[in-house]
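Visitor: after the sequence you'll find the predicted model.
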Amino acid sequence: MNDSAGKTVDLVKAGLHRRHRRERRFRLLGLGAIVIGLSLVGMLFTDIVSKGYTGFFQTGIRLQIDFDPQRLDPEGNRDPAVLSAADYAGLVKQALRTAFPDVKSRRDKRALYRIISSGAALELRAMVLSDPGLIGTSRPVWLTADDDIDMLVKGHVDRTLPETSRRVKDKVIGWLERLEREGAVTTRFNPPFFTHGDSREPEQAGIGGAVMGSLYTILVTFLLSFPLAVATAVYLEEYAPVNRWSDLIEVNINNLAAVPSIVFGLLGLAVFINFFSLPRSAPLVGGLVLTLMTLPTIIIASRAALKSVPPSIREAALGVGASKLQTITHHVLPLAMPGMLTGTIIGMAQALGESAPLLMIGMVAFIVDVPQGVLDPATVLPVQVYLWADSPERAFVERTSAAIMVLLAFLTTMNLLAVILRRRFERRW
Amino acid sequence: MNTITILALLLILMAVAYQVGWRRSLGVAGGRSGVRKLHSLPGYYGLYTALLCGMPALLVLGLWVAFQSSIITDLVVADLPAKLHQLPPEQMGLLINDITNLAQGNITSGEINPEMQRAAEHYRSLQQTATAALAVVVISLAIGGILLGWRLISPRLRARNRVEQIVRWLLIASSLVAILTTLGIVLSVLFESIRFFRIIPVTDFLFGLGWSPQMAIRADQVGSSGAFGVIPLFAGTLLISLIALLVAVPIGLMSAIYLSEYAGSRMRALAKPVLEILAGIPTVVYGFFAALTVAPFIRASGESLGLQVSSESALAAGLVMGIMIIPFVSSLSDDVINAVPQAMRDASYGIGATRSETITRIIIPAALPGIVGGVLLAASRAIGETMIVVMAAGLTANLTANPLESVTTVTVQIVTLLVGDQEFDSPKTLAAFALGLTLFVVTLIMNVIALHVVRKYREQYE
């Protein structure tokens, strides 16, 4: 008896070393999974930030601009119509010719003109229109550089490559180095990135239009989905009898939450655009589609919030004579509201990052103007990211990453808001 | 007067109606002191009047706006000269488009002939009449509602019960939106799919091995025969999803196990939210990461090993999609692992099992149905994912199992077929809806199974 028990202990002890080794291995495997997961998050963010932080800056070139009255306002009566139609591009060219008098051949001149963005003429026009007193003076002005020059200054173009395999030629680099020696090249913060609409020229492209489009779309989504979701949740939690019908609605909502988002895009295309002939690319339609997409999320969160309000509150209200609706609006809803709002913010964050269904309803168009209302053609921030990511110019890579950083900043703010709301108002009964 | 103005006016009228009802109820009760004679509080009389004022008017407004343009178009078409009625449907559509553009002062496609000019005039005048009529109808309905409220209010009117009844119906109507959405999805894709299957037989679509959605404009065109076989698309989708699951399931499952069984509360509080960040990142960001960072990296490392790697390899899209669904797998697994009763763990420790033995022999088998359900949900997410594959996967159908080659997916094809200019009767556009239907059905089946399995599993331990 003693003998056999000793044998079992020995058997166990013999295997113990091996089992503990396996235990350690398993534990390391788990830790490894966590480390891989966390480092993937880190990699993703480092990649985006390292590619994109330069996108908020833009190279400027200082040129001595001669606001020649002959060219701008030959009549001399400062008529705004004349001033806005004047040849500002000519001013830039003139300034470049004066700065580089040794550039003679036609081809070289054309290359020289290209170091300044084609948007520079518009900048000059805005300057003159806001202050006509500039006419007749000559002063140094910082003008936006072309995207190729911008890339060169930011070091994204390898100057050691052979001339034929880079976009900026030796001669241009020579001019630029001369300007750099004169202190006429600088890289500074770029406010137009936040205010301009889209453009084919990376140095003039901005996210202003996309941000406004997103804002309108999310506004429509919020105005529609919040009341609808709260009403549905209240009905299902407080009124609906337990029968097949409410079971059907419930299963239906759970399934809708898992339908691929692109299918909602198909629905929007077939119903809102083809059947009701609403305008394509409009934030209104985008908002409608995103409403249908985010409804299940918000309904599920709102129901959970209503469920967490203890029945004693309802019973007390009913007991002192409140009607069902009074009980709900005066007591249950205010207590469930933080939870519902948290769910809504999470739903809105989901809608803000969504792009696939919006591709279906035409919000991928190239739109330069900043939208002024919910019926204007618009695009949204994630779709702008998609459009820029597809553009071949090197300068759009940093713009795309910068736009992603703005998008992520919005999403982080919204999620933080949801967390704070939950922490501050969540009540444990 | 446009719709927004009418809406604003209506809201003002509703506010007025509330005031009217409130005052009227006090009036019929004989001042503030008579409130006790009223059945309900004065506010309910106000609400009742406001609802009488707003609801019919809003209903009419909504229906009118929804159907105005199609009715006007029909009227204009009916009025066109007889010879234009013989036009084939596509040209008719173009003509109508031109007429509406002309009426709105936009640019038209062709030159403008007097008939179109006349039709545009007609269109414009009809539109003006319709808008004016709408304003008149809506406003008079609203005012009628207020007058009706004024007449109905008496101390015996059960205003509160009526208001609550109406609100209840409004709540029911809102909960119907979810049902209507499903119905709308099914009907809209089914409708277009049926039109598609009239041109292309269902069997060719479901079992065809080639996908090249071009239709000939001329009969003698090169490559004129369109092929609509969905097999290569599903093969590509499955390949990418499989790679994604191979990344996400081990990492997600192992990190869920580690976090729930080994990690201390501080590590749990730190690592869990950080992993969940991955779930909140927009898919377009993953697409950018896949196309501009991962794909070039895989291509370069493949080439240094002497392998032929496509720059739109399935591997890149699959890896990044895997990263995206890690939090999905881990949070679902976390839930089911936590649902396993502590008694089972204690029993296992009690007979001398190590932690890893308890996990692999007791917890995972017990949680398996839940884990399988979670993986199914993750797979359905991967199949329906669009932006990553649109940005990082290929466009041409390729029936292959080699992850280094470029494949295309169902969602990529839906996007490429529908983005840009489209005509609504070509099989090319309709094919996108047939693909959408297949996608919807496949993911629906997976979701129903997964939700059922997860629910059954939860009930087992409750």
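Guide: That came through, no problem.
Visitor: list the contacts for whatever residue of chain A ends up closest to chain B?
Guide: Nearest residue of chain A to chain B (C-beta to the nearest C-beta) works out as residue A:260 at 2.5 Å. Placement of C-beta: from N, CA and C, glycine included. Contact criterion C-beta atoms under 8 Å, 6 or more residues apart in numbering or on different chains gives A:356, B:380, B:381, B:383, B:384, B:385, B:386, B:411, B:439, B:440, B:443 as the residues in contact with residue A:260.
Visitor: and the pLDDT at the nearest residue to the first one once chain neighbours are set aside?
Guide: In space, residue A:356 comes closest to residue B:386 once its chain neighbours are excluded; the distance is 3.8 Å by C-beta to C-beta, 6 or more residues apart in numbering or on different chains. Residue-level confidence at residue B:386 comes out at 92, pLDDT.
Visitor: with the one 4 residues further on instead?
Guide: Each residue has a pLDDT score; the one for residue B:390 is 91.
Visitor: residues contacting it?
Guide: A:356, A:359, A:386, B:287, B:411, B:412, B:415.
Visitor: can you give the contact residues for the helix or strand harbouring the second one?
Guide: Assigned by DSSP states H and E, residue A:359 falls within helix A:356-360. Taking C-beta under 8 Å, 6+ apart as the criterion, the residues outside helix A:356-360 that touch it are A:217, A:260-262, A:264-266, A:268-269, A:286, A:289-290, A:293, A:364, A:380, A:382-383, A:386, B:283, B:386-387, B:390, B:411, B:414-415, B:418-419.
Visitor: the contacts of residue B:390 in helices, which ones?
Guide: Counting by DSSP state H, the members of those that fall within helices are A:356, A:359, A:386, B:287, B:411, B:412, B:415.
Visitor: what's the closest of the residues you listed to residue A:280?
Guide: Sorting the ones in helices among the contacts of residue B:390 by distance to residue A:280 puts residue A:359 at the head of the list, at 11.7 Å, by C-beta to C-beta.
Visitor: where in the chain is pLDDT low?
Guide: Using chain A. Low-confidence regions of chain A, defined by pLDDT under 70, span residues A:1-6, A:429.
Visitor: nope, chain B
Guide: For chain B, the stretches with pLDDT under 70 are B:1, B:89-90, B:105-112, B:214-225, B:420-425, B:462.
Visitor: right, is the longest helix seen in it up against chain A?
Guide: Among the segments of chain B that qualify as a helix by DSSP H, the longest is helix B:159-199. Yes - residues of helix B:159-199 are located near chain A by C-beta under 8 Å from any C-beta of the partner chain, namely B:160, B:163-164, B:167-168, B:170-172, B:174-175, B:177-179, B:181-182, B:184-185, B:188-189, B:191-192.
Visitor: test my guess that residue B:199 contacts residue B:427.
Guide: Yes - the pair residue B:199 / residue B:427 is scored as a contact, 4.7 Å apart, by C-beta atoms under 8 Å.
Visitor: got phi/psi on residue A:187?
Guide: Summarising the backbone geometry of residue A:187 under the convention degrees, to the nearest 10, its torsions are phi -120, psi 120.
Visitor: hmm, I typed the wrong one, I wanted residue A:104.
Guide: Dihedral angles of residue A:104 (phi, psi; degrees, to the nearest 10) stand at phi -110, psi -50.
Visitor: could you list the domains of the chain?
Guide: This is for chain A. Structural domains assigned to chain A are A:2-53, A:54-199, A:208-425, following automatic domain parsing.
Visitor: oops, I was thinking of chain B
Guide: B:3-157, B:227-461.
Visitor: can you give me the end-to-end span of the first one?
Guide: Right, domain B:3-157. Criterion C-alpha to C-alpha, to the nearest Å; first-to-last residue distance in domain B:3-157 is 34 Å.
Visitor: touching chain A at all, that domain?
Guide: Yes - in this structure, domain B:3-157 sits against chain A according to C-beta under 8 Å from any C-beta; the contacting residues are B:66, B:69, B:70.
Visitor: in this structure the last one contacts residue B:63, no?
Guide: What that stands for is residue B:70. No - between residue B:70 and residue B:63 no contact is recorded; they are 12.0 Å apart, counting by C-beta under 8 Å.
Visitor: what about residue A:186, how many neighbours?
Guide: 15 (other C-beta atoms under 10 Å in any protein chain shown).
Visitor: cool, the one 10 residues further on as well?
Guide: Residue A:196: 19 surrounding residues under other C-beta under 10 Å.
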